[in-house]
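Novice: Following is a predicted model, sequence given first.
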Amino acid sequence: MEQRLANSWRMSVNDKKFIEEALLSDIRIDGRGPFEYRRLTIKFGKEDGQSEVQLGHTHVMAYVTSQLVQPYRDRPNEGTLSIFTELSPMADPSFEVGRPGELAIELGRVIDRGLRESRAVDMESLCVVAGRFVWAVRVDLHIVDNGGNLIDAANIAALAALLTFRRPECTIGGEDGQEITIHPPEVREPLGLIIHHLPVAVTFGIFGEDKSLVLVSLVLHISIDLSRHGGRMTTTVNSNGDVCAIQKAGGEGVMPSEIMRCLRVASVKAAEITQTIKESVDVYNENRSLRHIKRHLKSAPVEVRVPERGTEGNETGGVATDFSKLSSSEAGGSPMVTKGEEAPSGDAVESTEDPEVKPLTLKTPSLKQETQSPQRTLRDAVKAKQKKKKK
Amino acid sequence: MEYVKLSGFRLDGRRPTEMRHIHAEVGAVANADGSASFEMGNTKVIAAVYGPKEVENKGQQIGNKALVRCEYSMANFSTGDRARRPKGDRRSTELSLVIRQTMEACILTHLMPRSQIDIYVQVLQADGGTRSACINAATLALADAGIPMCDLVTSCAAGYLNSTPLLDLNYLEDSAGGPDVTVGLLSKLDKVTLLQMDAKLPLDIFENVMQLAIEGCKAIANLIRQVLLENTKKLEYLRGT
């Protein structure tokens, strides 16, 4: 409540008039047409599941991580996907520090609805042991700079990050079939998520009485302020022409026929954006597999040993687990030595058979240990890395 | 699961384009400037409006229009599992925002500069379609408080299950995971102010479902008008003119 008024940059009557007059002749103040996006660039981080999207001045980063958790009771055989947004005052002074404001919550909810309710990410494939272990995928969206149209940029960032994310492979073993082995990325190629379709958010700003509809993606505060004056409608559409989510919370009224027109425009735009995302993901995947090959050419097989940490109370040596691999996004971090099994993700990974290397199997004998892992996860991760460096 | 039986009836015996029984009443909270209760089948909501009044926090005052605030809450006993919901969870914050913006669009805020209008909505029983019921209750309460509005905003939901568009989903149908379209309509101007949609739906089917929801909104608008008219007549009678 306070947030929407704090520091809100009020536009002068003249400026507003100017923008509205320009819109009548289908020109926006930065020279674009009404249904034109700003320049979209998608970059990826060093590790899997990181993306950075720039849409004009708007700059959003997305990180995807995963963890093994117990599933919800009503969905024992489905993994979970959750989206968290972080709007820091660095991006826009009107964002509050601390508790997420209404804007942050709406942003998260709209993206969450588009991705989850349309079942874009296959949740059942994230199940490890029904009712006991499933992967919880978490998407963190950081708004670095707010130049208007946050929802679209954040949505694209989330999609790009999810497309490149890989979770460590795990297998079920033991006599009771309850023992889980998590294979670190050095041993087995981590698996990508199964994504059925890409729901792309396209936001429209609605201006004035004359029903001129414009994609909200203006420059700087003007868009934010203007969209507050009129109305905003976010449509999440995939390239197959399905509507995945719509959010138009109040604001200027629109005729139903105009909504349908918007949706048709949105599906064209969504196809374009899907294309851009797919192209950049392809480039990333190619570079990723190239990276692996290079490393093998120049370096001799590296010995990977189970870290000999004394975790008290563990009788069996193999249990000295490297829990760091539980929270994934470690893929491709350290030298690759792939065991005989084919990596099912279909990447061009050169597998060099190394007799010395034992598969890094992590045995978690009971659920108890597994569930208490989050505390240990981080600490162990740090320790493990230091050990490796000393070698 | 079969949500529409071969005979063409739904789980609760309604036809696909039939709404649940609606009962609306003005004056549920005595202390408020305007209040209303709205029932839609088993969904029951009350709304209270305070204002227009002086802005409590001077920093929030807007020079040229009224400040509208809204709080949505769900009673602990409103759902089957008596879950303790934290007040500021993401769902209710989003719903408060949605309701506030929808009501803001129909209130003539420029007529009441430097003042504040508070809308409180509480769900007493939740059986699907709470957000539509909340908006309908809020409209009634605002009208009862005598706050100038350009039109009555009414809201209705529609879904699509077993390849049939269904009007006004109840909890069972809502939790089926099918598409759910909630529309808020300014009925006289025939303009959509609120539109929310979940799940996946092809474009042409979406148009049909949205049309159905719009028809539902119009029906509710007629009913709300009647309720308001009766209430006014009653007041007139009590005044004895």
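Specialist: Arrived safely, thanks for sending.
Novice: distance of the closest residue to chain B within the stretch 101-250 of chain A from residue B:190?
Specialist: The stretch 101-250 of chain A approaches chain B most closely through residue A:250 (2.8 Å), counting by CB to the nearest CB. To be clear about C-beta, it is placed using only N, CA and C from the backbone, and glycine gets the same treatment. Applying CB to CB, to the nearest Å, the value for residue A:250 to residue B:190 is 17 Å.
Novice: Just want to know which of those two has more residues nearby.
Specialist: residue A:250 (24 against 14; other CB atoms under 10 Å in any protein chain shown).
Novice: so that one sits right up against residue B:193, yeah?
Specialist: Yes. If you go by CB atoms under 8 Å, residue A:250 and residue B:193 touch, sitting 5.5 Å apart.
Novice: Quick check: neighbours shared by these two?
Specialist: Counting by CB atoms under 8 Å, 6 or more residues apart in numbering or on different chains, the shared contacts of residue A:250 and residue B:193 are A:231, B:102, B:105, B:184.
Novice: among those residues, which are in strands?
Specialist: Mapping the shared contacts of residue A:250 and residue B:193 onto strands (DSSP state E) picks out A:231, B:184.
Novice: so what does the longest helix anywhere in chain B touch, helix or strand wise?
Specialist: Looking across chain B with DSSP state H, the single longest helix is helix B:203-239. With contacts defined as 3 or more CB pairs under 8 Å, 6 or more residues apart in numbering or on different chains; DSSP states H and E, helix B:203-239 has these neighbours: strand A:242-248, helix A:256-298, strand B:22-26, helix B:130-144, strand B:153-161, strand B:164-167, strand B:180-186, strand B:191-198.
Novice: what about residue B:197, distance to residue B:81?
Specialist: 26 Å.
Novice: Please identify which of these two sits among more neighbours.
Specialist: residue B:197 (28 against 4).
Novice: and the closest residue to that one other than its chain neighbours, what pLDDT?
Specialist: Leaving out its chain neighbours, the residue that sits closest to residue B:197 by CB to CB, 6 or more residues apart in numbering or on different chains is residue A:246, at 3.9 Å. Listed pLDDT for residue A:246 reads 90.
Novice: How about residue A:157?
Specialist: 94.
Novice: Tell me the helix or strand right after whatever helix or strand it lives in.
Specialist: Residue A:157 belongs to helix A:150-164 when assigned by DSSP states H and E. Downstream of helix A:150-164, the first helix or strand assigned by DSSP H and E is strand A:166-167.
Novice: now the next helix or strand after that next one: mean pLDDT?
Specialist: Later in the chain than strand A:166-167, the nearest helix or strand by DSSP H and E is strand A:169-173. The average pLDDT within strand A:169-173 is 84.
Novice: now swap in stretch A:97-114 and tell me
Specialist: For stretch A:97-114, the per-residue pLDDT averages 83.
Novice: CA atoms only for that stretch - export them in PDB, please.
Specialist: Presented in PDB, the C-alpha positions along stretch A:97-114 are these (Å, rounded to 0.1, in the frame of the first residue of the first chain):
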ATOM      1  CA  VAL A  97      13.500  -3.100   1.500                       C
ATOM      2  CA  GLY A  98      12.600  -6.300   3.300                       C
ATOM      3  CA  ARG A  99       9.200  -7.900   3.100                       C
ATOM      4  CA  PRO A 100       8.000  -8.400  -0.500                       C
ATOM      5  CA  GLY A 101       5.500  -5.900  -1.600                       C
ATOM      6  CA  GLU A 102       2.400  -6.300  -3.600                       C
ATOM      7  CA  LEU A 103       4.200  -5.900  -6.900                       C
ATOM      8  CA  ALA A 104       6.700  -8.600  -6.000                       C
ATOM      9  CA  ILE A 105       4.000 -10.900  -5.000                       C
ATOM     10  CA  GLU A 106       1.900 -10.300  -8.100                       C
ATOM     11  CA  LEU A 107       4.900 -10.800 -10.300                       C
ATOM     12  CA  GLY A 108       5.700 -14.100  -8.600                       C
ATOM     13  CA  ARG A 109       2.100 -15.300  -8.700                       C
ATOM     14  CA  VAL A 110       1.600 -14.400 -12.400                       C
ATOM     15  CA  ILE A 111       4.800 -16.300 -13.500                       C
ATOM     16  CA  ASP A 112       4.000 -19.100 -11.100                       C
ATOM     17  CA  ARG A 113       0.500 -19.500 -12.500                       C
ATOM     18  CA  GLY A 114       1.800 -19.500 -16.100                       C
END
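Novice: Bridged to the closest residue in space to residue A:190 that isn't next to it in sequence, which residues?
Specialist: Nearest non-adjacent residue to residue A:190, counting by CB to CB, 6+ apart: residue A:166, 3.7 Å away. Residue A:166 has these beta-bridge partners by DSSP bridges: residue A:192.
Novice: From residue B:95, how far off is residue A:166?
Specialist: According to CB to CB, residue A:166 and residue B:95 sit 36 Å apart.
Novice: same thing with residue B:42?
Specialist: Using CB to CB, residue B:42 is found at 19 Å from residue B:95.
Novice: So which residue is smack in the middle of chain B?
Specialist: Ranked by distance to the mean C-alpha position of chain B (CA atoms, centre = their mean), the top residue is residue B:135 at 2.2 Å.
Novice: That one against residue B:155, yeah?
Specialist: Yes. Counting by CB under 8 Å, residue B:135 touches residue B:155, with 4.0 Å between them.
Novice: Return every residue with contacts to both of those two.
Specialist: B:102, B:184, B:194.
Novice: Redo those residues as JSON lines? Include neighbour count, pLDDT and distance to residue B:148.
Specialist: Formatted as JSON lines, these follow (neighbours: other CB atoms under 10 Å in any protein chain shown; pLDDT from 0 to 100; distance: CB to CB, whole Å):
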{"residue": "B:102", "neighbour count": "25", "pLDDT": "90", "distance to residue B:148": "16"}
{"residue": "B:184", "neighbour count": "32", "pLDDT": "93", "distance to residue B:148": "19"}
{"residue": "B:194", "neighbour count": "27", "pLDDT": "91", "distance to residue B:148": "20"}
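Novice: Distance to chain A added to those, as TSV?
Specialist: Converted to TSV, these look like this (distance: CB to the nearest CB, whole Å):
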residue	distance to chain A
B:102	4
B:184	7
B:194	6
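Novice: near chain B, which residues of the stretch 51-200 of chain A show up?
Specialist: Within the stretch 51-200 of chain A, the residues that sit near chain B (CB under 8 Å from any CB of the partner chain) are A:99, A:102, A:105, A:106, A:108, A:109, A:113, A:117, A:118, A:119.
Novice: In helices, which of these fall?
Specialist: Members of those lying in helices (criterion: DSSP H): A:102, A:105, A:106, A:108, A:109.
Novice: Perfect, I'm done here.
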